[in-house]
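Participant: Fold the following, please.
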Amino acid sequence: MKPLISMREALADPQLLGGAMPGDSWRTWRTYMIAGMGEALTDEERVVFKALTGREREPLTPVEELWAIVGRRGGKTRAAGTLAAYVGTLCDHTEYLAPGERGVIPILAATADQAGRAFMHARGVLEHSPALSDMIDGEPTSDTIRLTSAIDVVVKPANFKTIRGITAVAAICDEVAFWMIEGTVNPDAEILEALRPSLGTTGGPMMVISSAYAKRGEVYGTYRRDYGPNGDPAILVAHAPTRSFNPTFPQAKVDRAIARDAAKARAEYLSEFRDDVSGFVTREVVEACVSPGVRERGFITGFDYRAFVDPSGGVNDAMTLAIAHREGETGVLDAVRERKAPFSPEAVVADFCDLLKRYGISRVTGDRYAGEWPREQFRKHGVEYEVADKPRSDLYRDLLPALNSVQVDLLDVDTIATQLCSLERRVARGGRESIDHPPNGHDDLANAVAGVLVNLTKVSGYVYDLDALVST
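Facilitator: Below you'll find the predicted structure:
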């Protein structure tokens, strides 16, 4: 990547990026971006830089990775869009692209909506620049901006499988602390590791923007490792509250949010990593309970099979079913089903009932979803629906001792392990603990599995120290 004009000049020129981050309220972001591009700072800017990064001096060479761990409404997305516009239009990449090849600036986020917002910021920066708007090649689509510089700014799913094989000249990774992709247990690490080689040839920057969240994952790990004077010089980590980057955000709103929920607000606006959120169970514990290669077990005469269902209306969440039996002290998982939305709930109930009857099951347990609806639908097929006497959080709590003592035999189904390992323990004000999926995550299949195994193993009668059993 060869800059044709410096970041400082571009941000000061109203014909280029001068309208992207103007005025005193954007001074902090301009300082961070200028330093990240390897440019010198003024003495005044250096004071700001130290407060953000914990480092005395700017790097003076372009960094490989810019990590901005900033509170909500701190301007992260617009800053990332500005970087995408700069790299896509004001830097030369021809040396690193084969004849006819187009470079890519992928924008990745946990959801399409999130990625789309960052994409629209990049598009807005380009369209409102008198000079750079002329570099937009044709009408942008909902997920691609083609530039006359042979660069495409594109929305990409945050998935390690979909970003291989591209030649990236920069990359924007939005809200990485909340990335959670089914089929993998450490999605943030795997996605970023798959992305880095795509940038290796061009030397383009990877910009990671995120609010703070739990004390785990790549955002927290990078902060612990690379924030401050002893961090990797090629990785520039900024860590600051919302108002440090956006002084126009009202302090009164921050104060009210803290009064409502201090732990959540301090993470969202003060950029403090949360002590009240921790992991539920480790991958090693779950894998010790899995029978490798066994994805389903057929019906065997002589066993008493039980089932648990997590209903859904077919619009957003999946509808899931788990069947299990008991052998001695071990709960053995026999079959699972997961129907992802959209689907016809009536049709899924019919399919589930067919499977239940193959195992000789005429009674299923599930949660209190939608009042009488599940009971009526299952009853049509000769299956009685009983309401579980515990919420899902209690089911997870009661499953933990059985996992730790290997008293359950799980199927080799990736989604089960992923959802169990992704669960989070949260402690609310007053000390009440809950266990649930993370933001943007899912636990529909894990809920069904926990429900049926807890009913079998009766672990709710155990006496144990939850804090001693859980590894965070």
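
Participant: Distance of the most centrally placed residue in the chain relative to residue 208?
Facilitator: Residue closest to the average C-alpha location in the chain (C-alpha atoms, centre = their mean): residue 179, at 1.1 Å. Separation of residue 179 from residue 208 (C-beta to C-beta, to the nearest Å) stands at 10 Å. To be clear about C-beta, it is placed using only N, CA and C from the backbone, and glycine gets the same treatment.

Participant: what about the longest helix in the chain?
Facilitator: helix 112-127 (DSSP state H).

Participant: Determine how far that one lies from the middle of the whole chain.
Facilitator: With C-alpha atoms, centre = their mean, to the nearest Å as the basis, helix 112-127 stands 19 Å off its chain's centre.

Participant: can you give me the mean pLDDT across it?
Facilitator: The average pLDDT within helix 112-127 is 86.

Participant: buried set for it?
Facilitator: Residues 114, 115, 117, 118, 119, 120, 121, 122, 123, 124, 125, 126 are the ones in helix 112-127 that count as buried (16 or more other C-beta atoms under 10 Å).

Participant: Rebuild the residues you listed as TSV, extending it with distance to residue 395.
Facilitator: Output for the buried residues of helix 112-127, formatted as TSV (distance: C-beta to C-beta, whole Å):
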residue	distance to residue 395
114	30
115	33
117	35
118	37
119	39
120	41
121	41
122	43
123	45
124	46
125	48
126	50
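
Participant: show me the contacts for residue 121.
Facilitator: Going by C-beta atoms under 8 Å, 6 or more residues apart in numbering, residue 121 touches 77, 78, 80, 81, 82.

Participant: Would you check that the fourth one makes contact with residue 129?
Facilitator: Meaning residue 81. No. When contacts are counted by C-beta atoms under 8 Å, residue 81 is not listed as touching residue 129 (11.5 Å).

Participant: Are there residues contacting both of those two? Which ones?
Facilitator: Joint contacts of residue 81 and residue 129 (C-beta under 8 Å, 6+ apart) are residue 20.

Participant: Mind checking which of the contacts of residue 121 are buried?
Facilitator: In these, the ones that pass as buried (16+ other C-beta under 10 Å) are 77, 78, 80, 81, 82.

Participant: quick one: which of these sit in helices?
Facilitator: 77, 78, 80, 81, 82.

Participant: Of the residues you listed, just say which sits nearest to residue 445.
Facilitator: residue 77 (32.3 Å; C-beta to C-beta).

Participant: so that closest one touches residue 209, yeah?
Facilitator: Yes. Assessed by C-beta under 8 Å, residue 77 is found in contact with residue 209 at 6.9 Å.

Participant: what is in contact with the two at once?
Facilitator: By C-beta under 8 Å, 6+ apart, the residues touching both residue 77 and residue 209 are residue 174.

Participant: Find the helix or strand that residue 324 is a member of.
Facilitator: strand 319-327 (DSSP states H and E).

Participant: Starting from that strand, tell me which strands it pairs with and how they run.
Facilitator: strand 306-310 (antiparallel), strand 330-339 (antiparallel) (DSSP bridges).

Participant: tell me the most buried of the ones you listed?
Facilitator: Highest mean neighbour count of those: strand 306-310, a mean of 26 (counted as mean count of other C-beta atoms under 10 Å).

Participant: re earlier: which single one of the buried residues of helix 112-127 is nearest to residue 263?
Facilitator: residue 114 (22.7 Å).

Participant: list the contacts for the closest one?
Facilitator: Contacts of residue 114 by C-beta under 8 Å, 6+ apart are 174, 175.

Participant: Now stretch 241-261: buried residues?
Facilitator: Neighbour-count burial for stretch 241-261 [16+ other C-beta under 10 Å]: 241, 242, 243, 244, 245, 246, 249, 254, 257, 258.

Participant: Just the residues contacting it, thanks.
Facilitator: 24-25, 28-29, 51-52, 70-76, 264-266, 268-271, 429.

Participant: Stretch 125-142 now?
Facilitator: 14-17, 19-20, 78, 81-82, 84-85, 88-90, 116, 123, 145-149, 155.

Participant: Endpoints of that stretch, how far apart?
Facilitator: End-to-end distance of stretch 125-142 (C-alpha to C-alpha, to the nearest Å): 16 Å.

Participant: Same question for stretch 359-379.
Facilitator: First-to-last residue span, stretch 359-379, C-alpha to C-alpha: 17 Å.

Participant: on that earlier part again, restricting to C-alpha, output the strand holding residue 324 in PDB.
Facilitator: C-alpha atoms of strand 319-327 as PDB (Å, rounded to 0.1, in the frame of the first residue of the first chain):
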ATOM      1  CA  MET A 319     -37.100 -25.100  17.000                       C
ATOM      2  CA  THR A 320     -35.200 -28.000  18.500                       C
ATOM      3  CA  LEU A 321     -35.700 -31.400  20.000                       C
ATOM      4  CA  ALA A 322     -33.400 -33.700  22.000                       C
ATOM      5  CA  ILE A 323     -34.000 -37.400  22.900                       C
ATOM      6  CA  ALA A 324     -32.000 -39.300  25.400                       C
ATOM      7  CA  HIS A 325     -32.000 -42.400  27.700                       C
ATOM      8  CA  ARG A 326     -30.200 -43.400  30.900                       C
ATOM      9  CA  GLU A 327     -27.500 -46.100  31.300                       C
END
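
Participant: buried sites along that strand?
Facilitator: Result for strand 319-327 [16+ other C-beta under 10 Å]: buried residues 319, 320, 321, 322, 323, 324, 325, 326.

Participant: about what we covered before: please indicate which of the contacts of stretch 241-261 are buried?
Facilitator: 28-29, 52, 70-76, 264-266, 268-271.

Participant: In ChimeraX, how would I select the buried members of the contacts of stretch 125-142?
Facilitator: Selection of buried members from those for ChimeraX, criterion 16+ other C-beta under 10 Å:
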select :16,17,19,20,78,81,82,84,85,88,89,90,123,145,146,147,149,155
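
Participant: Just the ones of the contacts of stretch 125-142 in strands?
Facilitator: 145, 146, 155 (DSSP state E).

Participant: Make a markdown table from those residues and add pLDDT and distance to residue 138 to it.
Facilitator: As requested, these are exported to a markdown table (pLDDT from 0 to 100; distance: C-beta to C-beta, whole Å):
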| residue | pLDDT | distance to residue 138 |
| --- | --- | --- |
| 145 | 94 | 9 |
| 146 | 95 | 6 |
| 155 | 87 | 17 |
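
Participant: Residue 294: which of those is nearest?
Facilitator: Of these, the one sitting nearest to residue 294 (C-beta to C-beta) turns out to be residue 155, at 38.3 Å.
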